[in-house]
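Novice: Curious how this folds, go ahead:
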Amino acid sequence: MGQIKLEQRVRYPPFEPGRFAPETLPIATFTTEIAEDVGPSDVVEFLSQQPPSFQLGTESNWLVEQRYIFENEVFDDSNIKRKNEYIEEREIPRIVKRHRQGWYLTPNPIHKAIRQFMSFSVVVLLLALAYLFIEPILSSMGIPGIGTGTVRIGLLDYPALAIVVVPLLFAPLILRVAANFVDLVSQRSFLNSAPVDPVIQCKGVPTAGQSLALSVEFKERPENWKAIDVMWRVGILSPAREEVFAALGRSTASQPPPGLTTSLPHHWEIGLDDGTGGGEESPMEHHEVKGGLFLRPMRVMEFGGRRPWVSETMELDAPPNQWPGTVSTSLIRIHWEVIIRIEREKGGSLMYVQPLTVAHPTKPAKIQSLPTNDGRTESNQL
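Specialist: The predicted model follows:
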C-alpha cells in the first residue's frame, strides 16, 4: 500500500524571456497527496478518474509539468485508458476575472514603434560617446573631428553632437506621453458608449486537441464596425507569486529568486500574477476599470483556428501543439479563451474575450518547446 501524489513543476518565463537562460533558473515544485493506502493494482483505476499528466517544455528550457508520484517514483499514466475527457471543477481564477474577460481596446500602435525607436536612440548615444572619447586620438593623428565643436545655447556651450543626440533621446518620451493621452481619450470614449456583450455558445464540450464549434450572436452592431474575426487560443498564465516563493522554500519578504523582481505595490495584487510585469505590461489605463481595458498577452500562448464571423455555427481548428485542458491552480494556470476581434473605422480594433472551460484529452499532453511571448500589451499578436 502506498500514496499517490500530484506533483506540479514550473519554470515560467519571466518578463522578456529572451533575456534569460532558462537552464539557470530554478524549478518551482509543489507536491500534494491525493490518495493514500493504495495498492499497486488500484493505481490505474484511481488515475483513470483523474486528469492525465502533461509535460509542456523540457528540463533545460521553460517547463510547466504535472505528473503523478506513486511510492516515490514517477508513474507513467500514458497507457491508462480513460473512457471520457476530464473537466476540472474549480472556480475561475481571479486573474481571469480581472484581466481576461469582457471588452478590450488595442493600444495605440505608436507604443510599439517608440520602443523600437528608443533602441535606435540608445545606439546612437553610445556611438556618439565612443566617438567623443577617441576624437583626441584621431586629432593627434591629423584626422579632423566631426561635430566636436561647440554650440552656444543661452549662456552655456554644448557639444555640436548634442544637437543631434539629445532630440533623439527626448522625442520618444514626448511621443509616449502623447500616445498615452490618446489612449486615455479612447478609453473614456469607449466607457461612455460600451456595446452590449455578444452571446457565445459552444456546441458540445470544448476539448483540448479537438476543433471548437460555436456560434456568436450580436444583439447590436454599431455602424463603425467593419470586419469581425473569431478565434480561440490557449496559454499559460503567470503563477501566483506567493505560490512560487513557497514552492522554492522562500518567504515573500526575502530576496526574490532569479527571474522574479521585488514586489510592486502599485501594480501587483496577491494571487494575480508573479509580479514581474508591472507598468511595462501595458500603456496607461483608465483608473475606473479594474483590470484595465488593454488585454495582456500570456507569456506562453498559441492560437487555434481563426475565421471571419458568420451568423451560423463556426468551426475553429485546434491549436497545433498538444495542450491539456483548463487547469486552475495557484501554480499552474492553463487558460483557454475565445476572442472576437472587431475592426473599427476609428479608435483602433475592439476585442471581446470570453474564457472557456476546456476538457482534458484522454492521453497525456506533451510539448517539446513552449512558444513564449514578451508579455507587453502591444505584442498581443492578434
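
Novice: and stretch 302-315, which residues are buried?
Specialist: Neighbour-count burial for stretch 302-315, with 16 or more other Cβ atoms under 10 Å as criterion, is recorded at 302-305, 309, 314. For the C-beta atoms, the positions are set from N, CA and C on the backbone; glycine is no exception.

Novice: could I have that stretch exported to CSV, CA atoms only?
Specialist: The C-alpha trace of stretch 302-315 is given here as CSV (Å, rounded to 0.1, in the frame of the first residue of the first chain):
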residue,chain,number,x,y,z
GLU,A,302,-0.7,29.5,-29.0
PHE,A,303,-3.6,30.3,-31.4
GLY,A,304,-6.1,27.8,-32.7
GLY,A,305,-8.3,28.5,-35.8
ARG,A,306,-9.4,31.9,-36.9
ARG,A,307,-12.2,32.8,-39.3
PRO,A,308,-14.5,35.7,-40.3
TRP,A,309,-17.7,35.9,-38.3
VAL,A,310,-20.9,34.5,-39.7
SER,A,311,-24.3,34.1,-38.1
GLU,A,312,-24.3,30.3,-38.5
THR,A,313,-22.2,27.8,-36.5
MET,A,314,-18.5,28.2,-37.0
GLU,A,315,-15.7,25.6,-36.5
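
Novice: What are the contacting residues of that stretch?
Specialist: The set of residues that contact stretch 302-315 without belonging to it, under Cβ atoms under 8 Å, 6 or more residues apart in numbering, is 203, 211-217, 227-235, 316-321, 323, 340, 371, 381.

Novice: how about a cut-off of 10 Å?
Specialist: 198, 201, 203, 211-218, 227-236, 316-321, 323, 336, 338-342, 367, 370-371, 373, 381-382 (Cβ atoms under 10 Å, 6 or more residues apart in numbering).

Novice: buried stuff in stretch 369-382?
Specialist: Burial within stretch 369-382, assessed by neighbour count using 16+ other Cβ under 10 Å, is assigned to 370-378, 380.

Novice: out of those, who's nearest residue 80?
Specialist: residue 370 (25.0 Å; Cβ to Cβ).

Novice: Tell me which residue is most central in this protein.
Specialist: Residue closest to the average C-alpha location in the chain (Cα atoms, centre = their mean): residue 298, at 1.8 Å.

Novice: In space, what's closest to it - neighbours in sequence excluded?
Specialist: Leaving aside its sequence neighbours, residue 298 sits nearest to residue 235 (Cβ to Cβ, 6 or more residues apart in numbering; 3.2 Å).

Novice: Spell out the secondary structure type for that neighbour.
Specialist: Counting by DSSP: H, G, I helix; E, B strand; the rest coil, the backbone at residue 235 sits in strand.

Novice: Tell me the bridge partners for it.
Specialist: According to DSSP bridges, the partner residues bridging residue 235 are residue 301, residue 335.

Novice: Spit out the contact partners of it.
Specialist: 100, 297-303, 319, 323, 333-337, 370-371, 373.

Novice: if I look at it, how far off is residue 214?
Specialist: For residue 235, the distance to residue 214 (Cβ to Cβ, to the nearest Å) stands at 19 Å.

Novice: and if you look at residue 122?
Specialist: With distances taken as Cβ to Cβ, residue 122 is found 46 Å from residue 214.

Novice: Among the two, which residue is more densely surrounded?
Specialist: Per other Cβ atoms under 10 Å, whichever of residue 122 and residue 214 has more neighbours is residue 214, with 19 against 13.

Novice: From what I see, that one and residue 205 are in contact.
Specialist: No - under the criterion of Cβ atoms under 10 Å, residue 214 lies out of contact with residue 205, with a separation of 11.8 Å.

Novice: Three-state assignment for residue 184, please.
Specialist: Counting by three-state DSSP, the backbone at residue 184 sits in helix.

Novice: Many thanks, have a good one.
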